[in-house]
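Participant: Predicted structure and sequence below. I'll ask about it afterward.
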Amino acid sequence: MSTTNRWLTLLVVVLAVAAAYGAALSWQTHGARADAATRQDRYGQAMRAAGTEVTAFVNMRHDRAQESVDAVAAGATGDFRAHYVSSADQVIRAMKRSRSTMTGHVVWSGVSDLSPTQATVIVATSGTVANRRTGGRQEAREFRFQVSLLRVGGRWLTSDLQFVGGAR
Amino acid sequence: MSRRTTAGLGVAALVLAAAAGAESWYLWGTSAPSPTVQRPVVVGDVDAQAAVDTAATDAAAIFSTSWRQYDAHLDQVTSLMTPDMATRYRRSAVPVRDRVVASRTSTATRVAASGVVQASDDQVLALLFLDQRTVARGEPPAYASRRALVTLVRSDHGWLVDNVQTR
């Protein structure tokens, strides 16, 4: 074997070891990045689900009461949904009686707690309410919500929704 | 025979060098991901939570003021901020000093809830729900529920408050 070939053989061996080590590291990194991407997606999904549910909750119209209630129920699950649906008639009657219209949008939302199957998201909203008590005038309302979510059949659904400290 | 071996070894070396180069690029050549709407948090859960905890502690300190220690408080909380934020905070805090002292106003702030809005390696946005109780001479206590978006940036001394928006 010539001197050139001896050096080339040595180079090939060194490169083969480096490439094999790199392949192992790449495989490990690929798995870690895939796990991280799944976890990162989860944050966005939970925040969007909470935002959608809260948006439905703060947009209620007496003249489209059933539609408003259905929108909330569509994103809900478990006892929260059962309780909400069972009291829907009462809610609708109250909305119609007071000619209540509530509008709002999500200002900010943030994830407090997150696992593959559960999440807690806090949501701040701004909006207005108009009813008989306000004389039909729109009054500003800012709310703070805490939304508990469960992963059900590939979707994040609301299992509880609470006001934090009420409106101001 | 020797020439053919040389050519074969040369090709093998080139292929292996290309493979090692591609692996190096995959491992170290790509930049850290940036937050998007789909993926607002691109750091680990522990890192994000640690930054939110810092935001909560710092915000409670910044928004808890007392007429008795107004200047000391100002010095203390500006050390939690970036130089830009500290300058802006001093600019807004100094003009109200006399009024706070004259009315003997104190405000206690506690964090009712907190969450991560967005997080990368060097910046975190935290949403905080703040409950405040303010007492002033001759007046009953006043209570307020606030929402604050706190921006933290990473520095050599840890996370520093770079902005606070309240609504």
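Facilitator: Looks like it arrived, so ask away.
Participant: From now on I want contacts and neighbour counts done on CA atoms only, so please keep to that.
Facilitator: Noted.
Participant: quick one: residue B:23 from residue B:16, how far?
Facilitator: According to CA to CA, to the nearest Å, residue B:23 and residue B:16 sit 10 Å apart.
Participant: Output the set of residues of chain B in proximity to chain A.
Facilitator: B:2, B:5-6, B:9-10, B:12-13, B:16-17, B:19-20, B:23-24, B:26-27, B:37-42, B:44, B:112-118, B:126-127, B:129, B:131, B:144-145, B:147, B:149 (CA under 8 Å from any CA of the partner chain).
Participant: low pLDDT regions in chain A?
Facilitator: Within chain A, the segments meeting pLDDT under 70 span A:1, A:166-168.
Participant: need the strands for the chain, in chain order.
Facilitator: With no chain named, the answer covers chain A. A:60-61, A:101-114, A:118-130, A:139-152, A:155-163 (DSSP state E).
Participant: please go with chain B instead
Facilitator: Using DSSP E, strands in chain B cover B:65-66, B:106-119, B:123-135, B:142-155, B:158-166.
Participant: where does chain B dip in pLDDT?
Facilitator: B:1.
Participant: Look at residue A:122 and say how many residues are nearby.
Facilitator: Per other CA atoms under 10 Å in any protein chain shown, the neighbour tally for residue A:122 reads 31.
Participant: rewinding a little: what's the overlap in contacts for residue B:23 and residue B:16?
Facilitator: residue A:19 (CA atoms under 8 Å, 6 or more residues apart in numbering or on different chains).
Participant: how deep is residue 50 tucked in, by neighbour count?
Facilitator: In the absence of a named chain, chain A is used. The local packing of residue A:50 (other CA under 10 Å) involves 31 other residues.
Participant: The intended chain is chain B.
Facilitator: Residue B:50 has 12 nearby residues by other CA under 10 Å.
Participant: now residue A:91
Facilitator: Neighbour number of residue A:91 under other CA under 10 Å is 17.
Participant: try the one 3 residues further on
Facilitator: By the other CA under 10 Å criterion, the neighbourhood of residue A:94 contains 14 residues.
Participant: Repeat that for residue A:128.
Facilitator: Residues near residue A:128, counting by other CA under 10 Å: 17.
Participant: same thing with residue B:39?
Facilitator: Residue B:39: 20 surrounding residues under other CA under 10 Å.
Participant: list the contacts for it?
Facilitator: Taking CA under 8 Å, 6+ apart as the test, what residue B:39 contacts is A:37, A:40-44.
Participant: Tabulate these in a markdown table, adding columns for neighbour count.
Facilitator: Below are these laid out as a markdown table (neighbours: other CA atoms under 10 Å in any protein chain shown):
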| residue | neighbour count |
| --- | --- |
| A:37 | 15 |
| A:40 | 21 |
| A:41 | 18 |
| A:42 | 22 |
| A:43 | 26 |
| A:44 | 21 |
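Participant: Give me the subset of these lying in helices.
Facilitator: A:37, A:40-44 (DSSP state H).
Participant: surely residue B:65 meets residue B:73?
Facilitator: Yes: contact criterion CA atoms under 8 Å: residue B:65 and residue B:73 qualify, at 6.9 Å.
Participant: Give me the more crowded residue out of those two.
Facilitator: Shown here are residue B:65 and residue B:73; by other CA under 10 Å, residue B:65 has more neighbours (21 against 17).
Participant: residues in contact with that one?
Facilitator: B:73, B:106-108.
Participant: Swap in 6 Å and give it another go.
Facilitator: Shown here is residue B:65, whose contacts under the criterion CA atoms under 6 Å, 6 or more residues apart in numbering or on different chains are B:106-107.
Participant: same deal with residue B:125?
Facilitator: Taking CA under 6 Å, 6+ apart as the test, what residue B:125 contacts is B:117-118, B:150-151.
Participant: Check those residues and tell me the two furthest apart.
Facilitator: Comparing all pairs in these by CA to CA, the longest separation belongs to B:118 and B:150, at 10.6 Å.
Participant: Could you check which of these two has the larger neighbour count?
Facilitator: When neighbours are counted by other CA under 10 Å, residue B:118 comes out ahead of the other of residue B:118 and residue B:150, with 26 against 23.
Participant: That one bridge partners, please.
Facilitator: Beta-bridge pairing for residue B:118 (DSSP bridges): residue B:125.
Participant: Settle this for me: it is touching residue B:38, isn't it.
Facilitator: No: using CA atoms under 6 Å, residue B:118 is not in contact with residue B:38, being 10.8 Å away.
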